[in-house]
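[1] here is the input, now give the coordinates:
(chains A and B)
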Amino acid sequence: MADTLGAPSRAATRAAGVLGPVTMVRIAIVAAIVLIWEAAAASGLFYRDVVPSVVAVARALVRVLADASFYWHLSVTMLEIAAALAIGGTAGLVIGIALGGSRLLSKAIEPYLYYLGPTPKIIFFPVLIMLFGIGPGSKVAMGAISCFFPIVLSVAAAMRQIPLVLIRVGQSFRAGPWDMALKVYIPAMRHPIINGFRLGLGIALIGTLLAETKMSNRGIGHLIIQAYALFDMPRMYAMLIILFAFAIGANSLLARAGKADGTMG
Amino acid sequence: MTSRLRIDDGPLPALMGLAGIAALLLLIEGLISVGLLNPFIVPKPSQVIGSFYRVVVEENVLERFVLTIKECLFAVALVTIVGVSIGVLLHRVSLLRQATETWVAAFASAPVVLMYPLFLVMFGRSALTIVMMGFAAGLPPVILKTIEGLSSTRRVLLAVGQSFKLTPRQMFWKIQLPSSLPAIFVGLKLGLIFALINIVGVEFLINFGGLGQLINDLAERYDLPGTYAAISFVVVVSVGFFMIAERAERWLIR
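    Numbers count the residues shown, from 1 in each chain, chains lettered A, B, ... in the order given. Okay, here's the model as predicted:
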């Protein structure tokens, strides 16, 4: 309610042209970038269309968004990422709980996962193509492997931070391993799990899209590399803008989910 | 309880881990031998181990390794110069920092590697594209950590500087920068890791350069044991690289 009452006054302030200095600086930076870009595009210093004008990119953006086939490719990529996150996330959750629950297992296996985590996963792509073919299967596998590592490590770390009293309460009720996982472990570490999945989503997105750019006939990654191959630069820039908006939007949605859960909890 | 602690803390976990890997490799070897796994998809681990020497000698692995490391060092040198300078600038000009710090943080979590077609267009299929990709990936953590380090200089140190009537320049070089070095090194370590990941990845994707290209080459020749050996080599190099970076960071912060 307060927001509703406050909104007109903020709008009026903006309408009066009173912008904070930070906003002014931001606008100035964006304007400077656009101007430099336009000057570079008009200068003819760069090879044809390497730096297309902002207007050409905006037109391409509208064309891409108005094209029905784009949404089919987008849905393919989104389904691949969702499947990757479901597979890699479930595996990360189960193995993370096992590692976090056992010091012996954690010390035996976790160092390997910790050091394998930051290796560039895309190098496994040739193996995944052999195993799952060049269709969506290899992209899902690429995304699943990519997101598995941050999720398993954050779940294992979170397991070790569960208050002992909660575990003892579960044990005193003679809860089985399944009940302990569903009713004690997962609820107690929901914030780190959400954060792990947030990290995992970003990395699954990168893995899946990189795999699409390397070898695919569908998906947003395929569209980007196709625009590059046809040297349709405005379209490629438009695709990259959409992709970054999609990545940042998905990330902030999960961040909000984490915060909303935090305020309720 | 005591005996459990001893088991957990002794060499047993590490041995268990190694034994687990050995058992997995033996299982794969066995499954391929009895025909349950297709040898044209997954080569025998013994074949992969056997092809290490061939890959190292015939595929000029050392030259490729040096090339990748060179690209990485160039990228990190650029990241250090540009990242620390931007960090210092943003720390000094508070308004600019307020306006752009969230952008830098967003850039840090953005899928920068997906911009490689854009870099290909700008810099061509060359080592410059690879270095610039490493640079773009490694830049945000260095900027953010430099700002963090400079902002967290202890008040007492600044007060000491003021009591000696240091000029702003002397204050920066003799107090603020040295005290922020631990944070800057953490940023550089992160930048180095991000740069390496992206450099190897882009080498593979654009089929140009050092170790990443080797994997792509061998896969395109359908040299399965060679491909697996090259992947294992890159994994070993990456892991070694991270371990060294971590040790160096601990040593520098000490």
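[2] look at residue A:134 and give its secondary structure.
    Following DSSP: H, G, I helix; E, B strand; the rest coil, the label given to residue A:134 is coil.
[3] quick one: it from residue B:218, how far?
    Residue A:134 sits 18 Å away from residue B:218, going by C-beta to C-beta, to the nearest Å. For the C-beta atoms, the positions are set from N, CA and C on the backbone; glycine is no exception.
[4] higher neighbour count, these two?
    residue B:218 (22 against 14; other C-beta atoms under 10 Å in any protein chain shown).
[5] how about the strands of the chain, start to end?
    You didn't say which chain, so I picked chain A. Secondary structure of chain A (DSSP state E): no strands present.
[6] my question was about chain B, not that one.
    Residue ranges of strands cannot be listed for chain B, since DSSP E assigns none.
[7] contact residues of the stretch 1-150 of chain A facing chain B?
    In this structure, the stretch 1-150 of chain A approaches chain B at residues A:21-23, A:25-26, A:29, A:50, A:103-104, A:106-109, A:111-112, A:115-116, A:118-120, A:122-127, A:129-131, judged by C-beta under 8 Å from any C-beta of the partner chain.
[8] what separation do you get for the closest residue to residue B:25 other than its chain neighbours and residue B:133?
    The shortest distance from residue B:25 to any non-neighbouring residue, by C-beta to C-beta, 6 or more residues apart in numbering or on different chains, is to residue B:45 (4.3 Å). With distances defined as C-beta to C-beta, the gap from residue B:45 to residue B:133 amounts to 33 Å.
[9] quick check on the two: which one has the bigger neighbour count.
    In this view residue B:45 and residue B:133 are compared by other C-beta under 10 Å, and residue B:133 has more residues nearby, 28 against 19.
[10] give the ChimeraX command for selecting the buried subset of the residues of the stretch 1-150 of chain A next to chain B.
    The buried residues among the residues of the stretch 1-150 of chain A next to chain B can be selected in ChimeraX (16 or more other C-beta atoms under 10 Å in any protein chain shown) with this line:
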select /A:25,26,103,106,107,108,109,115,116,118,119,120,122,123,124,125,126,127,129,130
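[11] from the residues of the stretch 1-150 of chain A next to chain B, which land in helices?
    Of the positions in these, A:21-23, A:25-26, A:29, A:103-104, A:106-109, A:111-112, A:115-116, A:125-127, A:129-131 sit in helices, assigned by DSSP state H.
[12] and the residue in the stretch 1-150 of chain B that chain A sits nearest to, what is it in contact with?
    Chain A sits closest to residue B:13 of the stretch 1-150 of chain B, with a gap of 3.4 Å, by C-beta to the nearest C-beta. Under the criterion of C-beta atoms under 8 Å, 6 or more residues apart in numbering or on different chains, the neighbours of residue B:13 are A:103, A:104, A:106, A:107, A:108.
[13] nearest residue to the closest residue to chain A within the stretch 151-254 of chain B other than its sequence neighbours?
    With C-beta to the nearest C-beta, the shortest gap between the stretch 151-254 of chain B and chain A falls at residue B:219, namely 3.4 Å. By the measure of C-beta to C-beta, 6+ apart, the closest residue to residue B:219 outside its immediate chain neighbours is residue A:126, 3.4 Å from it.
[14] the one you found contacts residue B:212, correct?
    No: with the criterion set as C-beta atoms under 8 Å, residue A:126 and residue B:212 do not qualify as a contacting pair; they are 11.3 Å apart.
[15] pull the longest helix from chain A.
    As far as residue count goes, and with DSSP H defining each element, the longest helix of chain A is helix A:68-101.
[16] what helices or strands is that helix leaning on?
    With contacts defined as 3 or more C-beta pairs under 8 Å, 6 or more residues apart in numbering or on different chains; DSSP states H and E, the secondary structure elements packing on helix A:68-101 are helix A:103-116, helix A:136-160, helix A:190-214, helix A:220-229.
[17] again, only using 10 Å
    When contacts are defined as 3 or more C-beta pairs under 10 Å, 6 or more residues apart in numbering or on different chains; DSSP states H and E, helix A:68-101 packs onto helix A:54-66, helix A:103-116, helix A:136-160, helix A:177-179, helix A:190-214, helix A:220-229, helix A:233-264.
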